[in-house]
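J.: below is the sequence, then the predicted model.
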Amino acid sequence: MRWDLMSLTLMPSNHSRAGQIPPAAEVFHILRRIVLDCLVLAVATLVSTGMALAQASSGAGAQANGISAFTGVTVIPMDSPRVLTDQVVLVRGTRIAEVGPRKSTHIPATANQIDGRGLFLIPGLADMHVHLMQGDTYFPFFLANGVTTVRDMAGGPEMLELRERVNKGALLGPIVYTAGPLVDGSPPVWQGSEIVTTPEQARSVVEKRKTIGYDFVKVYDNLRPDAYDAVVQAAASVKMRLAGHVPPHVGLQRVLNAHQWSIEHLTGYFEWLQNDRSPFRQIDENETFHHPAPLLAKRQVLVDWLDMSRLPQIAAATAKAGTWNVPTLVAWHNMTPHAELGATWKRPHMRYATSMLREWWNSDTGYTAEDSPRSSAAMPRATRF
């Protein structure tokens, strides 16, 4: 077993009590069932893939020939459900050379020994959906919490520069994989997105991303089916992965048929699970979205019309497509009404928010009272889902 040094996280062995399940948690359990049903068969693949990615992007700042030894540490290797107690982990340069029992593993005399008694050693965690505004400011917080890899879901040239600085060892931070600007239809949900309505635009946008050096392409809510298909073909031709939302006009079945690499926020699954009585089984072909579609109050009520008997079908289709889901549960759980921000700022961890983030969170979001995600009675159920 070999891991990259940057993928290791040393954690204290204290135990904390799990938080209480919120009231009316039945829809939360629905969400958990979808995630588990869709992804449980792929856990081993995720671990091996994550290790391979970490090895390929090993930290350049580590000494090439130095030897370090974590001694007496408890290792959770994540390759199977096991815990290895009282271990020695030998690291040469940026690679783990050996993992073995402390009593039988030889430690070179020149090794820098780190006392791991009472501590856990785990592979580094990966945050698969971040938006790295002021990324270098928050890099230390990722590392302090054991996150050694992040996937930035909408970046620009500044993210490519940050990624390069980390890879060269000039900046201490997690390994960065980044998309470019969002790829959306017309009109785009967010300013700065690149609009695709034709196959020619799709090829131009994707080929430019490949040339510049972005890691994958992120698709968004206002793409139409033909434009989405063109982006899929263009990405395949230059061997770039596709991630992002399920555009409502495209639908989950088409996205799974395209083997989209990942789906964010479980978009598209509410629509798939609509029962026969649902008034939302058909979408207005002329509708465009001026805010992220899954946040709109009128779309959150889809949670009231779910046919949960379709879960096995949706799980099988997702597994067959090889598509990952990134539910972003923390974002749904922490969404805060504007009127409650005053209390939110008093939470202890909010002292780490920069002035830019505070200004942005306090600003007018542009939601009308009708569209505001917090105006919907279904919002708590959609959040728990």
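T.: Great, that's in hand. Numbers count the residues shown, from 1 in each chain.
J.: residue 171 and residue 275, how far apart?
T.: 51 Å (CB to CB, to the nearest Å). For the C-beta atoms, the positions are set from N, CA and C on the backbone; glycine is no exception.
J.: more neighbours, those two?
T.: residue 171 (17 against 14; other CB atoms under 10 Å).
J.: which of the helices or strands spans the residue lying closest to residue 245 once chain neighbours are set aside?
T.: Counting by CB to CB, 6 or more residues apart in numbering, residue 245 lies nearest to residue 267, which is 4.6 Å off, once chain neighbours are set aside. Per DSSP states H and E, residue 267 falls between elements, in no helix or strand.
J.: could you do residue 110 as well?
T.: Secondary structure assignment for residue 110, by DSSP H and E: no helix or strand.
J.: what does the pLDDT read for it?
T.: Note on residue 110: pLDDT of 93.
J.: do I have it right that the residue nearest to residue 245 meets residue 246?
T.: Yes - taking CB atoms under 8 Å as the definition, residue 267 is a contact partner of residue 246 at 4.3 Å.
J.: who has more neighbours, these two?
T.: Neighbour tally, residue 267 and residue 246, criterion other CB under 10 Å: the higher count belongs to residue 246, 30 against 22.
J.: now the more buried one: how far from residue 194?
T.: Relative to residue 194, residue 246 is positioned 19 Å away (CB to CB).
J.: and for residue 140?
T.: Noted for residue 140: a distance of 32 Å to residue 194, by CB to CB.
J.: who has more neighbours out of those two?
T.: Using other CB under 10 Å as the criterion, residue 140 and residue 194 rank with residue 194 on top: 19 against 12.
J.: now the more buried one: closest residue in space, sequence neighbours ignored.
T.: residue 205 (4.9 Å).
J.: now do the contacts for that neighbour.
T.: Residue 205 is in contact with 183, 194, 196, 231, 234, counting by CB atoms under 8 Å, 6 or more residues apart in numbering.
J.: let me know the secondary structure of it.
T.: Following DSSP: H, G, I helix; E, B strand; the rest coil, residue 205 is assigned to helix.
J.: now residue 236
T.: Following three-state DSSP, residue 236 is assigned to helix.
J.: so residue 98 belongs to a helix, correct?
T.: No - secondary structure of residue 98 (three-state DSSP): strand, not part of a helix.
J.: phi, psi for the nearest residue to it once chain neighbours are set aside please.
T.: What sits nearest to residue 98 in space, not counting adjacent residues and going by CB to CB, 6+ apart, is residue 90, at 4.4 Å. With angles defined as degrees, to the nearest 10, residue 90 sits at phi -90, psi 130.
J.: what is the neighbour count of residue 90?
T.: Residues near residue 90, counting by other CB under 10 Å: 20.
J.: need the pLDDT of it.
T.: At residue 90, the pLDDT value in this model is 96.
J.: and if you look at the one 5 residues further on?
T.: With respect to pLDDT, residue 95 scores 87.
J.: residue 179 too?
T.: On the pLDDT scale, residue 179 gets 97.
J.: just residue 281 next, same as before
T.: In this model, residue 281 is scored at 87, pLDDT.
J.: residue 333 now?
T.: As predicted, residue 333 sits at a pLDDT of 77.
J.: before we move on, what SS does the closest residue to residue 113 other than its chain neighbours have?
T.: Spatially, and ignoring its direct neighbours in sequence, residue 113 is nearest to residue 69 (5.0 Å; CB to CB, 6+ apart). Put simply, residue 69 is strand when judged by three-state DSSP.
J.: pretty sure residue 69 sits against residue 90.
T.: Yes - applying CB under 8 Å, one finds residue 69 in contact with residue 90, separated by 5.4 Å.
J.: between the two, what contacts are shared?
T.: The contact sets of residue 69 and residue 90 overlap at 107-108, 111 (CB under 8 Å, 6+ apart).
J.: and after the host helix or strand of residue 208, which helix or strand comes next?
T.: Secondary structure from DSSP H and E places residue 208 in helix 199-212. Next helix or strand after helix 199-212 toward the C-terminus (DSSP H and E): strand 216-219.
J.: show me what that next one is packed up against.
T.: Contact partners of strand 216-219 among helices and strands, from 3 or more CB pairs under 8 Å, 6 or more residues apart in numbering; DSSP states H and E: strand 183-184, helix 225-237, strand 241-244.
J.: can you list the ones you listed in a markdown table and add distance to residue 176?
T.: Converted to a markdown table, the helices and strands packed on strand 216-219 look like this (distance: least, CB to CB, whole Å):
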| stretch | distance to residue 176 |
| --- | --- |
| strand 183-184 | 20 |
| helix 225-237 | 20 |
| strand 241-244 | 15 |
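J.: pick the most deeply packed of those.
T.: Highest mean neighbour count of the helices and strands packed on strand 216-219: strand 183-184, a mean of 28 (counted as mean count of other CB atoms under 10 Å).
J.: that one: how far from the chain's middle?
T.: 19 Å (CA atoms, centre = their mean, to the nearest Å).
J.: mean confidence (pLDDT) on that strand, please.
T.: Mean predicted confidence for strand 183-184 is 98.
J.: name the helices or strands packed onto that strand?
T.: Applying 3+ CB pairs under 8 Å, 6+ apart, one finds that strand 183-184 contacts strand 194-195, strand 216-219.
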